[in-house]
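Participant: pasting the sequence and the predicted model now:
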Amino acid sequence: MAKRREKRWPTHGPEVCSWMESVLVHGEGDFFGEPFRLTDDQARFLYQWYEYADGGRYRYRRALLGRPKGSGKTELGAAIGLAELAGPLAQTAPVIPVGAASWEQADLLFGTARVMVSEGALQPFFDVFDTEIVRRGGPGRMYRIAAIAGTNDGPRPTFFLADEIHEWLGARERVHVVISNGLAKRKEGRSLSMTTAGSDMETLAGAMYEYGQKVQSGEITDGELLFDWREASEAHDLTTPDGLEAAIREAYGDVLGVTIQLENIISRYRELSQAGKDYEFQRYYLNRWTASPVRWLPVGAWDACATPDRVVEAGTRIAIGFDGSYNQDSTALVGVTVEDTPHVFVLGCWEKPEHEPDWIVPRSEVTAAVHAALERYDVSAMCCDPPGWHREIEGWAETYGSYTIVLWETNRRKQMSAACDRFYGLVVNRGVTHDGDPRLARHLASAVVKETSEGALITKDRRGSKRKIDLAIAAVLGLEGSSLYPGWDATPLMGWSEAPF
């Protein structure tokens, strides 16, 4: 029996884990037909997934489980599906669709479930067919679907198991939505989506991952989502043996040596690295999203500059970067201290919420945050990207002076390229620190390089992309005000509409 974690919420996890290891067998692979055994990491996930609140209702209705290739998530998913079909807590008349982007992928998980039934203690109680497992003498079935097969509308599932959702692209996303909607028809309908990291954040899996990150960081409150994602941090140097091994161990945890061997992953790294496909290794084996091979900042560079415990006290000399929008993008306000090693910290960020097409930036809230920052700190300069905000910027200049509020138009490519270069240089050389804000880290990770005749700029990964970079822009502008002109307090400036850059 795998080692279990201490309980934080009441949970049926021990009961489910015991049932799995007593009744199920391993599917195809090195342990075929042997009694099913959970790793500590798998048991920990089950303890959380089966937590319940007052009244016995499950705490979580949805889960996103992210694990690297070869970590055993497909077999774990099959075991969970069978527990929902025949386990000690199975609902009355369970209906369990098992889906993937293609018939072949769906059959990997469903085929594992078939073996677990036909080769184990459940065999006398179920009829096993190519596309479904049916309970004998009563209602209850698990069946295979593929997202290519249409909308699959109409079922009343008790549990929906979706595998490798990074492959559910285009119209396939609709199938996931339709079946998930059907869960609301059952009292305790729940869903588990599993995947390895993808390469395109503008997908179902990418959106779910980013949403889960926001829940995990506290940006969004959603108590019904269990976001359980293992990936290697960006702090490891993959070019060194120790760094590579540390990254692999962080991504795989205790399944390493059980479901996959360390030496095999290292060998695969060498093969992909020599072929110039390091990003594929990171995606499949470190479970990192590699949305763009031309990302702006090197992997791990920003994280290495974090000093989240620092508090910028009132009265501190700072500069501010402001990047405004109307409705589609976000509006960002970033402070940067004026000192030899500037410290970057987020003063405010207003992002368009998901599924709110009519949302517009709350200008009064933004203005209040601007005034609060200008009153709290000794602001040497506030660099503003003006489109759509000229009226407000003029008002701020009238209140605080045109020596403080200045325009900084990011569409001036030569100046913006130089500013991006300075920011980049300070980050990679650890000449700057920051507060560790996850929103700023996300925006920086979304910024990619665009080469122009006047230098390299940062931009979105594609036109119309939902991935935001506004905090990254504001940080660049704030650093300009902080590091380029530390003597602004003694040197008269031209009016805000005539800023010298």
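Facilitator: Received, thanks.
Participant: contacting residues around residue 48?
Facilitator: 11, 13, 60, 226, 228 (C-beta atoms under 8 Å, 6 or more residues apart in numbering). Every C-beta, even on glycine, is put in place using the N, C-alpha and C of the backbone.
Participant: now for residue 279, how many residues are close by?
Facilitator: Neighbourhood size, residue 279 [other C-beta atoms under 10 Å]: 17.
Participant: wait, it sits on residue 290?
Facilitator: Yes - contact criterion C-beta atoms under 8 Å: residue 279 and residue 290 qualify, at 4.1 Å.
Participant: tell me the residues that contact both of the two, please.
Facilitator: residue 199.
Participant: helices and strands around the lowest-mean-pLDDT helix or strand in the chain, which ones?
Facilitator: Taking mean pLDDT, DSSP states H and E as the measure, the helix or strand of the chain with the lowest value is strand 448-452, at a mean of 78. When contacts are defined as 3 or more C-beta pairs under 8 Å, 6 or more residues apart in numbering; DSSP states H and E, strand 448-452 packs onto strand 455-459.
Participant: touching whichever helix or strand comes after the strand it packs on from outside, list them.
Facilitator: Next helix or strand after strand 455-459 toward the C-terminus (DSSP states H and E): helix 470-479. By C-beta under 8 Å, 6+ apart, the residues outside helix 470-479 that reach it are 296, 318-323, 325, 329-336, 342, 344, 346, 349, 383-385, 408, 410, 416, 419-420, 422-423, 426, 432, 437, 439-440, 443-444, 446-447, 458.
Participant: for the stretch 251-400 of the chain, what spans make up the helices?
Facilitator: Along the stretch 251-400 of the chain, the segments classed as helices by DSSP state H, counting those that start in this stretch run 262-274, 278-285, 363-376, 390-400.
Participant: want to throw those helices into JSON lines with mean pLDDT and distance to residue 71?
Facilitator: Below are the helices of the stretch 251-400 of the chain laid out as JSON lines (pLDDT from 0 to 100; distance: least, C-beta to C-beta, whole Å):
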{"stretch": "helix 262-274", "mean pLDDT": "92", "distance to residue 71": "11"}
{"stretch": "helix 278-285", "mean pLDDT": "88", "distance to residue 71": "10"}
{"stretch": "helix 363-376", "mean pLDDT": "95", "distance to residue 71": "43"}
{"stretch": "helix 390-400", "mean pLDDT": "90", "distance to residue 71": "50"}
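Participant: now these in TSV, with distance to residue 313?
Facilitator: Formatted as TSV, the helices of the stretch 251-400 of the chain follow (distance: least, C-beta to C-beta, whole Å):
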stretch	distance to residue 313
helix 262-274	46
helix 278-285	39
helix 363-376	9
helix 390-400	20
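Participant: hmm, back to that, among the contacts of residue 48, which two are most distant?
Facilitator: Pairwise distances across the contacts of residue 48 (C-beta to C-beta) peak at 14.4 Å, for the pair 11 and 228.
Participant: buried ones in stretch 332-347?
Facilitator: Neighbour-count burial for stretch 332-347, counted by 16 or more other C-beta atoms under 10 Å, picks out 332-338, 342-347.
Participant: again, but for stretch 123-132
Facilitator: Those would be 126, 128, 132, for stretch 123-132 by 16+ other C-beta under 10 Å.
Participant: if I pick the second one, what's in contact with it?
Facilitator: Contacts were defined as C-beta under 8 Å, 6+ apart; by that measure residue 128 touches 114, 117-118.
Participant: per-residue pLDDT of it, please?
Facilitator: At residue 128, the pLDDT value in this model is 95.
Participant: where along the stretch 101-250 of the chain do the strands fall?
Facilitator: 126-128, 132-135, 141-146, 159-162, 190-195, 225-229 (DSSP state E, counting those that start in this stretch).
Participant: now do the helix or strand containing residue 82, average pLDDT.
Facilitator: Using DSSP H and E, residue 82 sits within helix 73-86. Across helix 73-86, the average pLDDT comes to 96.
Participant: quick check: angle from it to strand 141-146?
Facilitator: 140 degrees (axes from the mean of the first three to the mean of the last three C-alpha atoms, to 10 degrees).
Participant: brilliant, that's me finished.
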